[in-house]
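Student: The amino acid sequence is not available; the structure is as follows:
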């Protein structure tokens, strides 16, 4: 039995963490922590959580705590995660790991010192269409990929106003949605190290943070990726996509489609989604949480690690520098 302390009782905890962890065999939510103690008590009663605290301090003293799940605003991620690590607990942190590269590096250093595992929440890795695309690329079905175009365009969540507060979030749409797209590209495609980046940002509906980012990444193997992410592009619906082009074909999500060239013929195969977008979203989180629990148990290796988070944040900070300086940034 894995004992979990959940920190944060906001929307992601209510819609994802509490119902999924509560229903998972071999897992017990030992305590729920939130500054709004009355809300935490109501949720704890609903899901049968025995202990409720305002802060993590008291929860770490409880017996049977193996891991801490951090689902707060980003400004608290590093401090809470490091507090849990210092107590010898494994940690799951919703993305991004921290507001800055330095916060993320500090988390990595303590995790290594304490010998604990840290997973960053990148649930898109567990989407069936992303898994299908990665498998097709790994099998060489489209040949060596050389160009990826990916993006996530949606309206800003009105129930998380802190996302537009740079002191709390660390940035705007780039660290909210763009880091997810970046992680997907680096996870699915073996392009090697990012050699340089260029980015442009726009502030249409937000003042202290960006709400549109258009970026290009150049990889050491010559591959190129473009990222488009926004809270304010005017669209009738949300858009989450990835198009990859290789020497023998191409692959697409969402939905998943594979296109291959056979001689002079173009063949296209698709897998109609069996689930709604909401079901895919929820299932990706369920698979992600199961992976974290199994990694804590030692059944599978941890993925979406703090090492990977550091690599992502290094690129994110280079993208911000490129947008500010209006030039290409070479990553050392």
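Tutor: Everything's here; your move. Only a predicted model underlies this, so the values are computations on that prediction, with no experimental measurement involved. Numbers count the residues shown, from 1 in each chain.
Student: What are the boundaries of the strands in the stretch 51-200 of the chain?
Tutor: 51-53, 67-70, 90-94, 118-121, 145-153, 194-202 (DSSP state E, counting those that start in this stretch).
Student: Minimum distance to residue 213: which of those has it?
Tutor: Closest to residue 213 of these, according to C-beta to C-beta: strand 194-202, at 5.3 Å. Glycine gets a C-beta too; all of them are placed from N, C-alpha and C.
Student: C-terminal to the closest one, what's the next element?
Tutor: Following strand 194-202 in sequence order, the next helix or strand is strand 212-219 (DSSP states H and E).
Student: Distance from whichever helix or strand comes after that next one to the middle of the chain?
Tutor: For strand 212-219, the following helix or strand on the C-terminal side (DSSP H and E) is strand 224-230. A distance of 16 Å separates the centroid of the chain from that of strand 224-230, by C-alpha atoms, centre = their mean, to the nearest Å.
Student: Strand 224-230 relative to strand 145-153, how many degrees between them?
Tutor: Computed by axes from the mean of the first three to the mean of the last three C-alpha atoms, to 10 degrees, the angle separating strand 224-230 from strand 145-153 equals 0 degrees.
Student: Parallel or antiparallel, list what pairs with the very next helix or strand once past strand 224-230.
Tutor: Later in the chain than strand 224-230, the nearest helix or strand by DSSP H and E is strand 239-246. Note on strand 239-246: by DSSP bridges, its sheet partners are strand 145-153 (antiparallel), strand 249-253 (antiparallel).
Student: In strand 239-246, which residues are buried?
Tutor: Of all the residues in strand 239-246, those buried under the rule 16 or more other C-beta atoms under 10 Å are 240, 241, 242, 243, 244, 245, 246.
Student: The residues you listed: which two are farthest apart?
Tutor: So, the buried residues of strand 239-246 by C-beta to C-beta: farthest apart are 240 and 246, at 21.1 Å.
Student: which helices and strands does the helix or strand harbouring residue 292 pack with?
Tutor: Residue 292 is located in helix 277-297, with elements delineated by DSSP H and E. Helix 277-297 is packed against strand 2-7, helix 18-23, strand 90-94, strand 118-121, helix 128-138, with contacts defined by 3 or more C-beta pairs under 8 Å, 6 or more residues apart in numbering; DSSP states H and E.
Student: try 7 Å this time
Tutor: Helix 277-297 sits against strand 2-7, helix 18-23, strand 118-121, with contacts defined as 3 or more C-beta pairs under 7 Å, 6 or more residues apart in numbering; DSSP states H and E.
Student: which one of these is the most hemmed in?
Tutor: For the helices and strands packed on helix 277-297, average neighbour numbers computed from mean count of other C-beta atoms under 10 Å are highest in strand 118-121, which has a mean of 26.
Student: Which residues does that one contact?
Tutor: The contact list for strand 118-121 (C-beta atoms under 7 Å, 6 or more residues apart in numbering) reads 81, 91-95, 97, 107, 111, 288, 292, 295, 302, 304-306, 309.
Student: Low-confidence bits of the stretch 151-300 of the chain, can you list those?
Tutor: Along the stretch 151-300 of the chain, segments meeting pLDDT under 70 span 158-159.
Student: 90 instead?
Tutor: Residue ranges of the stretch 151-300 of the chain with pLDDT under 90: 156-161, 190, 207, 262-264, 271-278.
Student: burial of residue 217, as a residue count?
Tutor: Residues lying near residue 217 (other C-beta atoms under 10 Å) number 24.
Student: Report the beta-bridge partners for it.
Tutor: Counting by DSSP bridges, residue 217 forms beta bridges with residue 197, residue 225.
Student: Please name the residues that touch it.
Tutor: 194, 197, 224, 225.
Student: any idea how far the first one is from residue 311?
Tutor: To residue 311, residue 194 is 9 Å away according to C-beta to C-beta, to the nearest Å.
Student: who has more neighbours, the two?
Tutor: Ranked by neighbour count (other C-beta under 10 Å), residue 194 and residue 311 place residue 194 first, with 23 against 17.
Student: need the contact list for that one.
Tutor: 217, 219, 315, 331.
Student: In CSV: those residues, plus distance to residue 276.
Tutor: Formatted as CSV, the contacts of residue 194 follow (distance: C-beta to C-beta, whole Å):
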residue, distance to residue 276
217, 32
219, 35
315, 32
331, 39
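Student: Out of these, grab the one that's most surrounded.
Tutor: The most crowded member of the contacts of residue 194, judged by other C-beta under 10 Å, is residue 217 (24 neighbours).
Student: any idea which residue sits dead centre in this protein?
Tutor: residue 122 (2.8 Å; C-alpha atoms, centre = their mean).
Student: list the contacts for that residue?
Tutor: By C-beta under 7 Å, 6+ apart, residue 122 lies in contact with 95, 180, 183, 304.
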